[in-house]
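*Asks:* quick one, what's the 3D model for this:
(one chain, ligands or ions: 1)
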Amino acid sequence: MPEFPQPILDFLSRSPTPFHAVANLGAHLEQSGFHRLAEGDDWGGLDEGRYFVTRNDSSLIAFNWSGDAGPGFRMVGAHTDSPCLKVKPEAISESEGYARLALEVYGGALLAPWFDRDLGLAGRVTYRDREGRIGNALVDFDRPVAFIPSLAIHLDRKVNENRSINMQDDLPALLCTMRGNEPGFPALLEKQLDAQGIGDVSGVLGFELSLYDRQPAAVVGLEEEFIASARLDNLLSCFAATEALIGNSARTNAVIVLSDHEEVGSSSASGAGGTFLRDVLGRICGDAGTLARAVSHSMLVSVDNAHGVHPNYPDKHEPAHRPMINAGPVIKINHNQRYATNSETEALFRHVCEQGGVPVQSIVVRSDMGCGTTIGPITAARLGVRTVDVGIPQLGMHSIRELAGVQDQDFLVRALAGFFGCSPWPF
Ligand code: CO
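*Replies:* Sure thing, here's the model as predicted:
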C-alpha cells in the first residue's frame, strides 16, 4: 500500500466548512503559480496562464488557459459542501441550567454519529468595522466547544431496537453551564474574531457556522488501506481535481469547478445550478459564438464519491455492480439522468483510465431503489456539455466520519491527470 500523503489528511482536518476548503485550496493554487482573479474586475482578453476565481468564498473555479478556445475545455467538477449541523440565528437557549446551541440540519446528514463527539465550531462571520464597512472573516473555534450527549440507555431501554432522532428536540448541543453572566452569541463571535487577530470589529451582523468533529483525518485498518475522516464526500474529489490541475504541465485548457450547495440541490448563486461556470467560461472565450464552439469540443468529469458495497449489507447493491474500495474509480450510470454519463463519455473515461493503468468499476442502483444525483446532470443541462459522473467508492456516506480507500485517491488523481492531458474532442 502506498504511503498516504500527509497533505490530504491535513487538508481534510483543516477544512471544516466549504469556506475553509476554498481558502485552503486557493492558497495551494497561489503557491503553485495560479493568479487570483476577482469576478468584479475587468479581465480584458486573458493571456495564456493559470488562474482561479472564487464566488461567495465557498465555490472556486481554477483553470489553465492556453490562449485558444478552439480545442474546448477539459473540466472536472466536484462539490465543497457536506451535510452538517448549522447554527440557527438566535443561537443560544437555556434549559435546566445549560446553555444550548440551536442547530439546523444541512443536507441529508446521518444524525446518530453526531452524538457523543467533541465538536468544534467554524464558518464565516460577517461584521461591521469601526468605519462602518462590512467585512467577512473565517472563524474556527479551534477546540472542542460543544457536545451532544446521548440519553443513557437506563432511561430508554428500547433504544437499541428503535431509536429515532427528532431534529428539533434531540440535537441542541451543550455549550456550557449557565452562570448568569454569559455573553450573547454575537459577543462570543466578536471575542473569537479578536482572538484570531481580526480587530476593529464594531459588531457581528451575520454568520454561517457549523459544528464539526474535532477528530483529525487518519489512515486506519490493519493494513493501513483506509482513510477515515469527515467530509470525504466530497473534499477528496476537490483535492484530487486540484492536484491534477496543478500537475497539468501540458497546459491544455483545463478547468476545475468546485461548487457549494450540492447537498441541498445546487440551486444557489454559487452552486452548480447557478451561473458561475458559464460566466467564467464566457469571459475566457469572449463571445457567445466562441463559447458555444468551445463547449461542443469540451467534456466534464463530475467527481463525487460513490457507494462502495458494505460487507454487512451487500443486498443494498445491485448484484453485478458492487464497487470495492481500493479497486479504482466508479463510473455512475442512470439512464433516467440522475447521472449524466452516456456511452460516449463513459468510453472516454474508460479509455483515459486504461491509458493510465487505472482500474475502473461501474455502478447502477438496484431497480427497486431510488438513485442519488450530483452536480453532473445539473452542469450538463446548464452548459450543454457532455458529462460523465464518476467517484471513488466509500462507506458511511454522510456520516460524521466516513471511510474510503488510500489507493483509490491515487487512482483518481491519475485518471483526472490523464483526462486533462488528452487531446480535443473527438479525441
Ligand atoms: Co457528494
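*Asks:* quick one: the helices in the chain?
*Replies:* Remark: helices assigned in the chain by DSSP state H are 6-13, 18-31, 185-195, 232-246, 276-285, 288-296, 343-355, 375-383, 406-421.
*Asks:* could I get those helices as a markdown table with mean pLDDT, mean neighbour count and distance to the ion?
*Replies:* Bear in mind the C-beta positions are built from the backbone N, C-alpha and C, glycine included. Listed next are these as a markdown table, based on pLDDT from 0 to 100; neighbours: other C-beta atoms under 10 Å; distance: least, C-beta to the ion, whole Å:
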| stretch | mean pLDDT | mean neighbour count | distance to the ion |
| --- | --- | --- | --- |
| helix 6-13 | 96 | 17 | 14 |
| helix 18-31 | 98 | 20 | 12 |
| helix 185-195 | 94 | 17 | 29 |
| helix 232-246 | 98 | 26 | 4 |
| helix 276-285 | 97 | 20 | 18 |
| helix 288-296 | 96 | 15 | 25 |
| helix 343-355 | 96 | 17 | 18 |
| helix 375-383 | 95 | 22 | 9 |
| helix 406-421 | 96 | 24 | 14 |
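*Asks:* which of the ones you listed sits closest to residue 326?
*Replies:* helix 406-421 (4.3 Å; C-beta to C-beta).
*Asks:* state the distance from whatever residue of the stretch 51-200 of the chain ends up closest to the ion to residue 48.
*Replies:* The nearest approach of the stretch 51-200 of the chain to the ion comes at residue 79, 5.7 Å away (C-beta to the ion). In this structure, residue 79 and residue 48 are 29 Å apart, going by C-beta to C-beta, to the nearest Å.
*Asks:* the spatially closest residue to residue 354 that is not a sequence neighbour: neighbour count?
*Replies:* Excluding the flanking residues, the one nearest residue 354 by C-beta to C-beta, 6 or more residues apart in numbering is residue 360, at 7.9 Å. Residue 360 has 19 neighbouring residues, counting by other C-beta atoms under 10 Å.
*Asks:* ok, residue 360 touching residue 331?
*Replies:* Yes. In this structure, residue 360 is within contact of residue 331 by C-beta atoms under 8 Å, at 6.2 Å.
*Asks:* who touches both of these two?
*Replies:* Residues touching both residue 360 and residue 331 (C-beta atoms under 8 Å, 6 or more residues apart in numbering): 349-350.
*Asks:* before we move on, the earlier item: give the contact list for the residue of the stretch 51-200 of the chain closest to the ion.
*Replies:* So residue 79 contacts 234, 237-238, 258-263, 266, 272, 304, 374-375 (C-beta under 8 Å, 6+ apart).
*Asks:* contact residues of the chain facing the ion?
*Replies:* 233-234, 304 (C-beta under 5 Å from the ion).
*Asks:* rerun that using 6 Å as the cut-off
*Replies:* Taking C-beta under 6 Å from the ion as the criterion, the chain approaches the ion at residues 79, 233-234, 304-305.
*Asks:* okay, and the beta partners of residue 127?
*Replies:* Taking DSSP bridges as the rule, residue 127 bridges to residue 135, residue 204.
*Asks:* hmm, it is touching residue 207, no?
*Replies:* No. Contact criterion C-beta under 8 Å: residue 127 and residue 207 do not qualify, at 9.0 Å.
*Asks:* okay, the two: which has more neighbours?
*Replies:* residue 127 (22 against 19).
*Asks:* now do the contacts for that one.
*Replies:* By C-beta under 8 Å, 6+ apart, the contact set of residue 127 is 134-137, 190, 193, 201-205.
*Asks:* of these, which is the nearest to residue 172?
*Replies:* residue 204 (21.0 Å).
*Asks:* in stretch 63-73, what's buried?
*Replies:* Neighbour-count burial for stretch 63-73, counted by 16 or more other C-beta atoms under 10 Å, picks out 63-66, 69, 72-73.
*Asks:* show me which of these is closest to residue 276.
*Replies:* residue 63 (12.5 Å).
*Asks:* specify the beta-bridge partners of the closest one.
*Replies:* Counting by DSSP bridges, residue 63 is bridged to residue 51, residue 255.
*Asks:* go ahead and name everything in contact with stretch 234-247.
*Replies:* Outside stretch 234-247, the residues that touch it by C-beta under 8 Å, 6+ apart are 8, 11-12, 15, 21, 25, 28-29, 32, 34, 62-64, 76-80, 82, 227, 254-256, 258, 262, 303-305, 391-392, 404, 409, 412-413, 416-417, 419-420.
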